[in-house]
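J.: Pasting the sequence and the predicted model now:
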Amino acid sequence: MYHLIAIFTVIVWGATFISTKVLMSAGLTPIEVMFYRFAIAYISILPFTYKRLFAASLKDEGTMLLIGLSGGSLYFLAENYALSYTLASNVSLIICTTPILTALLDRFFGSRKPLAPHFLLGSTIAFIGIAFVIFNGSIVLGLNPIGDILTLTAAFLWGIFSLTLKKVQSHYKSLFITRKTFFYSVLSLLPFILFSPGHTSLSTLLRPIMIGNLLFLGLLASTLCFFLWNVAVKAIGPVSATNYIYLSPIVTLIVAHYVLDEPITAMAIFGSFFILVGVFLALRKQKSFA
């Protein structure tokens, strides 16, 4: 069940790249997209977890701040600005380095468990698939190095988020952690919103395309899926859960084709096949590295 929860979450998150790019094409800045998304998420989750405001210690509160930055504002700022420079499908594909980075961070700074051979083999095959699709993108429309670097930065931040999350899950409920993630995301984005030149008008924000995509990002992709992801990570471990992110680019590739008219070529399909095979191999004995 927890593996299915992780898969559902990744499918929804695969569609968020397109939703975010639609909002930015309609006039929102990357910072505005993130601020409104997390503000909606925080307001929607508050009625379910309002009795406890702070963590048990200052150290734990600092950990919540790190979770909010690495899995919230900083991660999505890097990802959203990357979408300004490259294809939505390319960003989703480069994000697939996240499981490898998470496993390496866990190996050297977390559990220090050795990486299983099947995980290394599966990750390598999946990464080859990612390379095929990125190379395809460079031929079709071109890749901007700035977008690549920003996306890799986001992948690194998500690895920090997943491992930091594991440290507090035994002491706090998933709803509380999720609410704190949204709170610190909104708080850290507030200075950018207040001091950024120009803001999107209310009439633009009230357009159906804006409302629909912001609600999708705020309620489904953030409130529900962040909670479900916390539950999945707690049950099956950060490395096993994060491996499902390899499925995200396939979702993005398909949705981006129909919504944004981004191309699907034979090389992209070939790369997606490698990604699926890599996921299967990496997760075949996931209990040994969960």
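T.: Ah, there it is.

J.: any idea how far residue 90 lies from residue 170?
T.: Applying Cβ to Cβ, to the nearest Å, the value for residue 90 to residue 170 is 37 Å. All C-beta atoms are positioned from the backbone trio N, CA, C, and that covers glycine.

J.: Who has more neighbours out of those two?
T.: Neighbours were counted for residue 90 and for residue 170 using other Cβ atoms under 10 Å; residue 90 has more, 32 against 7.

J.: tell me the phi and psi of the more buried one?
T.: Main-chain torsions, residue 90, degrees, to the nearest 10: phi -70, psi -40.

J.: what separates it from residue 280, distance-wise?
T.: Taken as Cβ to Cβ, the span from residue 90 to residue 280 is 23 Å.

J.: before we move on, what about residue 159?
T.: For residue 159, the distance to residue 280 (Cβ to Cβ) stands at 22 Å.

J.: Next: residue 30.
T.: 34 Å.

J.: again, but for residue 271
T.: Distance, residue 271 to residue 280, using Cβ to Cβ: 15 Å.

J.: Of those two, which one has the most company?
T.: Ranked by neighbour count (other Cβ under 10 Å), residue 271 and residue 280 place residue 271 first, with 25 against 14.

J.: Start and end of stretch 39-50, how far apart?
T.: End-to-end span of stretch 39-50 (Cα to Cα, to the nearest Å): 15 Å.

J.: buried ones in it?
T.: The neighbour-count check on stretch 39-50 (16 or more other Cβ atoms under 10 Å) flags 39-42, 44-45, 49 as buried.

J.: wait, which of those residues is closest to residue 196?
T.: residue 39 (15.2 Å; Cβ to Cβ).

J.: That closest one against residue 215, yeah?
T.: No: contact criterion Cβ atoms under 8 Å: residue 39 and residue 215 do not qualify, at 12.0 Å.

J.: How much space separates the residue lying closest to residue 251 once chain neighbours are set aside from residue 272?
T.: Spatial nearest neighbour of residue 251, excluding adjacent residues (Cβ to Cβ, 6 or more residues apart in numbering): residue 14 at 2.9 Å. Using Cβ to Cβ, residue 14 is found at 12 Å from residue 272.

J.: Overlap of the contact sets of the two?
T.: Listed as contacting both residue 14 and residue 272 by Cβ atoms under 8 Å, 6 or more residues apart in numbering are 249-250.

J.: can you list the weak-confidence ranges in the stretch 101-250 of the chain?
T.: Counting by pLDDT under 70, the stretch 101-250 of the chain shows low-confidence ranges at 110-111, 133-145, 198.

J.: And the strands in it?
T.: Along the stretch 101-250 of the chain, no stretch is classed among the strands by DSSP state E, counting those that start in this stretch.

J.: show me what contacts the nearest residue to residue 231 once chain neighbours are set aside?
T.: Nearest non-adjacent residue to residue 231, counting by Cβ to Cβ, 6+ apart: residue 174, 5.4 Å away. For residue 174, the contact set (Cβ under 8 Å, 6+ apart) comprises 227, 230-231, 234.

J.: Swap in 10 Å and give it another go.
T.: Applying Cβ atoms under 10 Å, 6 or more residues apart in numbering to residue 174 gives the contacts 49, 165, 226-234.
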